[in-house]
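S.K.: make a model of this:
(one chain, ligands or ions: 1)
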Amino acid sequence: MTSKENFRWGVSSSAFQIEGANKADGKGPSTLDKRKVRAGIADTSVAADFYHHWREDIQLLASLKVTSFRMSISWTRIFPTGTGSSNKAGVQFYDQVIDALLANNIEPVVTINHFDMPYALITQFNGWLSRKSVNAFANYAKFLFQHFGDRVKTWLTINEPLMVMYNPAFNGSHYQDDNRSTKANFLMLHHILLAEKNAIKLCHQLVVNGKIGPVSSFQNVYPASSHPEDVEAAMTAESILSYWALDVAVKGKYPEITYNRLRKLKLAPQVSPADQIIFQSAFPDFIAFNYYSSIRAEKYHTPTGFVIPFFDSPLFSIDMGPQRATKKWTAMEADPVGMGIAARKLYERYHLPLIITENGYADTEVPSTDSIVQDDKRIEYLSKHIAICEQLIEEGVPLWGYFIWSFMDSLSGREGFSKRYGLVYVNRTDTDLRDLKRTPKKSFYWYRDQIRDWRAK
Ligand code: BGP
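M.R.: Modelled structure (predicted):
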C-alpha cells in the first residue's frame, strides 16, 4: 500500500542532459557526445554544467523539499570505453553527489543508463546490436551495485528501451548505418532487454534491500476513430510501444499475439532457450514510467510528410496531427486523464507498484536575466497531473512516487535549450553560455508548497 507519508516527491534529470564537462577527468565519449547537433543547438559539452554546479544545485533541491532526486550515471565516466578498468575521478564525482544528496535527506534514485551509450562499444561491435553489449552492461551494472549499493537503494535499469531502439543517435546506428533495418532494431532491443534482466538479477544479489525496476515511456495509443480497423491498429501500436519491453521485464516474455504478427513480418527476434532462461531469471520490484501525453493510431497507410522513424510500421500508422505538417515540436497536448488510464492499464496488467519517473511541460522560456519565469502553463499542467496521482492512490493503486521532468533546464532531446522543462531556469541559450546562473521559476515555489501541503493533509 502507498501511504502519503512515504510517497516520493521528486524531480528528474539525466547525466548527458545536465552534466556537461563531457571530456573532464577521463570521461570517455558517449553516443550523445558524438552526435552532430543541428547548427544553433547546444551539445553535451556544457549542458547545464551540473558537473561544476552540483553543490549549489543540491542546495536548491534541499530548499525544494523533495524527498528524491532521479539522476543517471554516465557509463563513460565510470568506464571510459564501456569496459576495462574503472575511472577513479568519475566514480568520485558520483560519490560526492550521492553523499551530498543523502546528507540533505534526499534519496538518490539512479538510472543505470539514460540514452548515453559508450561510443567505443559502437565502434568495436555496433553497440546494442551485438550480444557483447549485454556482457559489457552486466559488468557496468555490477560495478555500480557493488560500489554505490550501500547508499543507493532505488535503481532504474535502462531508460525507455523503445526510444533507444528507434533513435539512431541514442543507439549509435547513426554512426554506422542510418538506415538500419527494423528487424535489426528489434534484435538490438532484444539485447537491451536481456541486459535489463541481468541488471535486475544482479541488483537483487548485490544490493541489500535494493529495489529495481524498468523505465518505460508509456504511451496510451488511442484509436484515431471508432472504426474497428483503427481500434485494432491502436491496440497493436500500444502493444509494441508500451508493452513489448515491459512484458519481458515483468512477465518474462513478449506479448504473444503481437510477437506472432511481427514474426510473420520477419521482424521479431528469435528467443533461444538460453534467452528464455534469462528472461525468466529475475523480475522487477516496481514499474517506473515516464508520461507526457498520448498519441493516436490509425489503420496502416503509406506515410506521408513527417514520420517519426519506426513509429509507422506496416501494422499501424501514427496520426501525428499538426506535427506532421509543421515538422516542429508543438505545445504539448496535455492529457492528465490519460496518465490515470496509463497507471490503471499498467497496474491491472502487472500488479506491481508504480512510480511516475517523468512528467513535465516544455516551453520556450527566455526571461530577462533577473526576473522570475512566470510559468503558469507549467503549473497548470503539473497540477492536473498531481490531482490524478491523488485519485490513483485513493482508488488503491500502489503509486510510490511522482517525479517532475525536470529539475532544471537541460538539453532537450533534439532542441537543446530552446525547449525548457525545468523548475529552475538556467541562464544560457543554445549559442550563448552567459553565466549559467540558476533561478527558480514560479513553478519551483509552487511545487515546494504542493509537497508541504500534501504532507500536512
Ligand atoms: C524522455 C526522456 C528524457 C527527456 C524527455 C523530454 O523521453 O527520458 O530524457 O528528454 O523525454 O523529451 P524531449 O527533451 O525530447 O522533449
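
S.K.: Y175: neighbouring residues, count only.
M.R.: As a burial measure, Y175 scores 18 neighbours (other C-beta atoms under 10 Å). Heads up, the C-betas are built off the backbone N, CA and C, glycines and all.

S.K.: helix or strand: which one has the closest residue to it other than its chain neighbours?
M.R.: Ranked by C-beta to C-beta, 6 or more residues apart in numbering and with sequence neighbours excluded, the top spatial neighbour of Y175 is I122, at 5.6 Å. Taking DSSP states H and E as the criterion, I122 maps to helix 119-125.

S.K.: now Q450
M.R.: helix 442-456.

S.K.: pretty sure V250 is touching I287, no?
M.R.: Yes. Using C-beta atoms under 8 Å, V250 is in contact with I287, at 6.9 Å.

S.K.: tell me the contacts of the residue of the stretch 351-457 of the chain found nearest the ligand?
M.R.: Residue nearest to the ligand within the stretch 351-457 of the chain: G413 (2.5 Å; C-beta to the nearest ligand atom). Contacts for G413 (C-beta atoms under 8 Å, 6 or more residues apart in numbering) come out as N167.

S.K.: how about the residues of the chain near the ligand?
M.R.: 14, 17, 159-160, 163, 217, 290, 358, 362, 405, 412-413, 419 (C-beta under 6 Å from any ligand atom).

S.K.: which of those residues are buried?
M.R.: 14, 17, 159-160, 163, 217, 290, 358, 362, 405, 412, 419 (16 or more other C-beta atoms under 10 Å).

S.K.: could you report the neighbour count for the closest residue to S173 other than its chain neighbours?
M.R.: Distances taken as C-beta to C-beta, 6+ apart place R180 nearest to S173, at 4.3 Å, with adjacent residues excluded. Using other C-beta under 10 Å, the number of residues around R180 comes to 19.

S.K.: so what's the predicted local confidence for R180?
M.R.: Note on R180: pLDDT of 77.

S.K.: list the contacts of it.
M.R.: 129, 168, 173.

S.K.: those residues into JSON lines, with extra columns for neighbour count, pLDDT and secondary structure?
M.R.: Shown next, in JSON lines, are the contacts of R180 (neighbours: other C-beta atoms under 10 Å; pLDDT from 0 to 100; DSSP: H, G, I helix; E, B strand; the rest coil):
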{"residue": "L129", "neighbour count": "20", "pLDDT": "94", "secondary structure": "helix"}
{"residue": "P168", "neighbour count": "20", "pLDDT": "83", "secondary structure": "helix"}
{"residue": "S173", "neighbour count": "25", "pLDDT": "78", "secondary structure": "helix"}
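
S.K.: low-confidence stretches in the stretch 1-150 of the chain?
M.R.: 1-4 (pLDDT under 70).

S.K.: run through the strands of it in chain order.
M.R.: Using DSSP state E, counting those that start in this stretch, the strands of the stretch 1-150 of the chain run over residues 8-12, 68-72, 107-113.

S.K.: can you tell me which of those is most buried?
M.R.: Greatest average neighbour count among the strands of the stretch 1-150 of the chain goes to strand 68-72 (a mean of 26), per mean count of other C-beta atoms under 10 Å.

S.K.: tilt between that strand and strand 8-12?
M.R.: Angle of strand 68-72 versus strand 8-12, following axes from the mean of the first three to the mean of the last three C-alpha atoms, to 10 degrees, is 30 degrees.

S.K.: tell me the strands beside strand 68-72, with direction?
M.R.: strand 8-12 (parallel), strand 107-113 (parallel) (DSSP bridges).

S.K.: nearest residue to the residue nearest the centre of the chain other than its sequence neighbours?
M.R.: For the chain, the residue lying nearest the average C-alpha position, counting by C-alpha atoms, centre = their mean, turns out to be N159 (4.1 Å). In this structure, N159 finds its nearest non-sequential neighbour in H114, 4.2 Å apart by C-beta to C-beta, 6+ apart.

S.K.: these two touch, right, the one you found and T157?
M.R.: No. Checked against C-beta under 8 Å, the pair H114 and T157 is beyond contact range at 10.3 Å.

S.K.: about what we covered before: give me the subset of the buried ones among the residues of the chain next to the ligand that lies in helices.
M.R.: In helices, defined here by DSSP state H, the members of these are 17, 163.

S.K.: kindly reformat the buried ones among the residues of the chain next to the ligand as JSON lines containing distance to N6.
M.R.: Below are those laid out as JSON lines (distance: C-beta to C-beta, whole Å):
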{"residue": "S14", "distance to N6": "25"}
{"residue": "Q17", "distance to N6": "28"}
{"residue": "N159", "distance to N6": "24"}
{"residue": "E160", "distance to N6": "26"}
{"residue": "M163", "distance to N6": "30"}
{"residue": "S217", "distance to N6": "26"}
{"residue": "N290", "distance to N6": "22"}
{"residue": "E358", "distance to N6": "21"}
{"residue": "A362", "distance to N6": "30"}
{"residue": "W405", "distance to N6": "22"}
{"residue": "S412", "distance to N6": "32"}
{"residue": "K419", "distance to N6": "34"}
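
S.K.: so which of the buried ones among the residues of the chain next to the ligand belong to strands?
M.R.: Members of these lying in strands (criterion: DSSP state E): 159, 217, 290, 358.

S.K.: ok, so of the residues you listed, who is nearest G28?
M.R.: N159 (19.3 Å; C-beta to C-beta).

S.K.: all strands of the stretch 301-450 of the chain, in order?
M.R.: Going by DSSP E, counting those that start in this stretch, the stretch 301-450 of the chain shows strands at 317-319, 354-358, 399-404, 424-426, 438-440.

S.K.: redo the ones you listed as TSV? Include mean pLDDT and distance to N209.
M.R.: TSV is the format used below for the strands of the stretch 301-450 of the chain (pLDDT from 0 to 100; distance: least, C-beta to C-beta, whole Å):
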stretch	mean pLDDT	distance to N209
strand 317-319	82	41
strand 354-358	98	17
strand 399-404	98	15
strand 424-426	97	32
strand 438-440	96	34
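
S.K.: out of the ones you listed, which gets nearest to Q96?
M.R.: strand 438-440 (18.5 Å).

S.K.: contacts for the closest one, please.
M.R.: 53, 56-57, 60, 64, 370, 372-373, 408, 423-427.

S.K.: what about the helices in the stretch 201-350 of the chain?
M.R.: 228-238, 244-251, 256-264, 273-279, 322-326, 336-350 (DSSP state H, counting those that start in this stretch).

S.K.: between those helices, which gets the lowest average pLDDT?
M.R.: helix 322-326 (a mean of 49).

S.K.: which residues does Y140 contact?
M.R.: Counted by C-beta under 8 Å, 6+ apart, Y140 has contacts 75, 78-79, 82-83, 112-113.

S.K.: let's go with 6 Å and repeat that
M.R.: 75, 79 (C-beta atoms under 6 Å, 6 or more residues apart in numbering).

S.K.: make 889 the first number, not 1, from now on.
M.R.: Fine by me, first position is 889 from now on; the one you just mentioned is Y1028.

S.K.: so it versus the ligand, what's the distance?
M.R.: 19 Å (C-beta to the nearest ligand atom, to the nearest Å).
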